[in-house]
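# have a look at this fold, sequence not included:
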């Protein structure tokens, strides 16, 4: 899928290593080996990376947002504790896939151990290391393979695109491709970079962080300002993403800033503030689209844009209502222009607007078809609508009035394969 560019920002290679001062890598350590029916290790184990470290050359300012699920993975609790203890500072991230380290009595102890082992190898303080985990919930995390792999992994970290890619692969679970985006931009005449990696294919639903995400930048920005901007951008990106209506226990989005670009520190409401915010939006919006495109079993990216709203919150609520509708998602899988399901989802959205002003258009690279105006159906060609909906990226354009606000939500179709994937997720 193509990335969506914003004026003034140039896409570059490098992912989380695009910014100055960061190294990364990933390795297979065998956290969850593929087993044969008779209980032996399978020779067909694909040995996908399952452990990653992202390290900074200097102490970074950091900010994060986390799952709002009442059940929080041990890594979430440990990261929150570490960032509080350091007043928003960090030197590294260690993360694993295949095991969420959640709902285990020894979970926090093992998350702390991962940080301590990584800190020892990097020569930093344990509280300066942050941790993430993703995978099966409720299974004991084996520390032996992690402890054995960390020394060589930490020695092999690189500041290039290859290291960043190995890291992005290591956090994948049911993802079918690694998700990386990086941009270059200017702040006060200084060239800055911002890049990130994300994982997530299923168990994705607002509110945030929705999936695991690590973003790095070399811009100079305080932890407080970074937290403010991150929280605002999350609202209109990851919090507008839904694959299946299930909110994970481990969702985390972390941003680390090395400050090596040498720009003047970003101040509130300044031109640099908005330039940096748009850079973060550009990266997170594109990662959000990738996450939706790669939804478990999905064949189509769905993008619902609501315009004409009285405020942004109203537009977000209506857009998310459409994207989260199982009936609508099924119709899109079947390329069925059943616009009534869109209007139904718009109608039960908990927001105030005049349903008689609602209009709906279905669009894709194959064209567009108006299917509803003034809250009622209009004549359209089913054949043309079918052509539009057979594409792999579908836009649902909904107008709900004459207000000035708009918002977009992202999701995917609901397919047979989603059930197959989740029917044997633990195997």
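Okay, I see it. Computed from a predicted structure; not experimentally measured. Numbers count the residues shown, from 1 in each chain.

# straight-line length of stretch 332-349, end to end?
Using C-alpha to C-alpha, to the nearest Å, the end-to-end distance of stretch 332-349 comes to 20 Å.

# what residues does it touch?
299-300, 302, 317-318, 320-322, 324-325, 327-328, 331, 355, 358, 360, 362, 369, 371-372, 375, 377, 380, 382, 385-386, 388-390, 394, 396, 398, 400, 413-415 (C-beta atoms under 8 Å, 6 or more residues apart in numbering). Where you see a C-beta, it was placed from the backbone N, CA and C, and this is true even at glycine.

# from those residues, which ones fall inside strands?
302, 360, 362, 369, 371, 372, 377, 394, 396, 398 (DSSP state E).

# show me what the last one is bridged to.
As for beta bridges, residue 398 partners with residue 306, residue 360 under DSSP bridges.

# what's the spacing between it and residue 309?
10 Å (C-beta to C-beta, to the nearest Å).

# okay, and the common contacts of those two?
Common neighbours of residue 398 and residue 309 (C-beta under 8 Å, 6+ apart) are residue 318.

# just the buried residues of the contacts of stretch 332-349.
Taking 16 or more other C-beta atoms under 10 Å as the criterion, what is buried in those is 299-300, 302, 317-318, 320-322, 324-325, 328, 331, 358, 360, 362, 369, 371-372, 375, 380, 385, 388-389, 394, 396, 398, 400, 413-415.

# among these, which lie within helices?
Among these, the members falling in helices (DSSP state H) are 317, 318, 320, 321, 322, 328, 331, 385, 388, 389.

# can you redo these as CSV with distance to residue 102 and pLDDT?
Listed next are these as CSV, based on distance: C-beta to C-beta, whole Å; pLDDT from 0 to 100:
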residue, distance to residue 102, pLDDT
317, 29, 95
318, 33, 97
320, 25, 93
321, 29, 95
322, 31, 96
328, 31, 93
331, 34, 93
385, 43, 96
388, 41, 97
389, 38, 97
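
# closest one of the residues you listed to residue 105?
Distance to residue 105 across those (C-beta to C-beta) is lowest for residue 320, with 35.9 Å.

# what number of residues are in the vicinity of residue 180?
When neighbours are defined as other C-beta atoms under 10 Å, residue 180 has 25 of them.

# check the offset of the helix or strand hosting it from the chain's centre.
Assigned by DSSP states H and E, residue 180 belongs to strand 179-187. On the basis of C-alpha atoms, centre = their mean, to the nearest Å, strand 179-187 sits 16 Å off its chain's mean C-alpha point.

# repeat that for stretch 112-125.
26 Å.

# just give the strands next to the strand holding residue 180 in its sheet, each with its orientation.
strand 10-11 (antiparallel), strand 190-199 (antiparallel).

# end to end, how far does stretch 297-305 reach?
Start-to-end, stretch 297-305 (C-alpha to C-alpha) is 23 Å.

# any chance you could list what contacts that stretch?
1, 243, 289, 292-293, 319, 322-323, 329, 332-333, 391-398, 406-421.

# next one: that stretch to chain centre, how far?
On the basis of C-alpha atoms, centre = their mean, stretch 297-305 sits 15 Å off its chain's mean C-alpha point.

# mean confidence score for the strand holding residue 180?
Averaging pLDDT along strand 179-187 yields 98.

# buried residues, that strand. List them.
Of the residues in strand 179-187, 179, 180, 181, 182, 183, 184, 185, 187 count as buried by neighbour count, 16+ other C-beta under 10 Å.

# now tabulate these in a markdown table and tack on distance to residue 195.
A markdown table is the format used below for the buried residues of strand 179-187 (distance: C-beta to C-beta, whole Å):
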| residue | distance to residue 195 |
| --- | --- |
| 179 | 11 |
| 180 | 7 |
| 181 | 7 |
| 182 | 3 |
| 183 | 7 |
| 184 | 9 |
| 185 | 11 |
| 187 | 15 |
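
# where does this structure dip in pLDDT?
33-46, 201-210, 244-246, 424-427 (pLDDT under 70).

# domain parsing for it?
10-293, 301-423 (automatic domain parsing).

# pick the most buried one from those domains.
domain 10-293 (a mean of 21; mean count of other C-beta atoms under 10 Å).

# how far does that domain stretch from start to finish?
In domain 10-293, first residue to last residue: 22 Å (C-alpha to C-alpha).

# same deal with stretch 119-131?
11 Å.

# report the distance from it to the chain centre.
25 Å.

# quick one: residues in contact with it.
Residues contacting stretch 119-131 (C-beta under 8 Å, 6+ apart): 53, 55, 59, 62, 64, 75, 78-79, 82-83, 85-86, 89-95, 111-112, 114-116, 118, 150-151, 154-155, 254.

# make it 7 Å
With C-beta atoms under 7 Å, 6 or more residues apart in numbering as the contact definition, stretch 119-131 has outside contacts at 55, 75, 78-79, 82, 85-86, 89-95, 111, 114-116, 118, 150-151, 154, 254.

# can you check stretch 355-371 too?
Contacts of stretch 355-371 (C-beta under 7 Å, 6+ apart): 337, 339, 342-343, 346-347, 372-375, 377-378, 380, 384-385, 387-389, 391, 393-401.

# ok, residue 96 - contacts?
31, 50, 51, 133, 146.

# phi, psi for the first one please.
Read it as residue 31. Main-chain torsions, residue 31, degrees, to the nearest 10: phi -60, psi -40.

# that one and residue 95 touch, don't they?
No. The criterion here is C-beta atoms under 7 Å, and residue 31 misses it with residue 95 at 11.3 Å.

# list the contacts for residue 267?
residue 273.

# and it, that one's in a strand?
No. Residue 267 is assigned coil when assessed by DSSP: H, G, I helix; E, B strand; the rest coil, not a strand.

# what segments of the stretch 101-250 of the chain are helices?
107-122, 144-155, 161-170, 223-235 (DSSP state H, counting those that start in this stretch).
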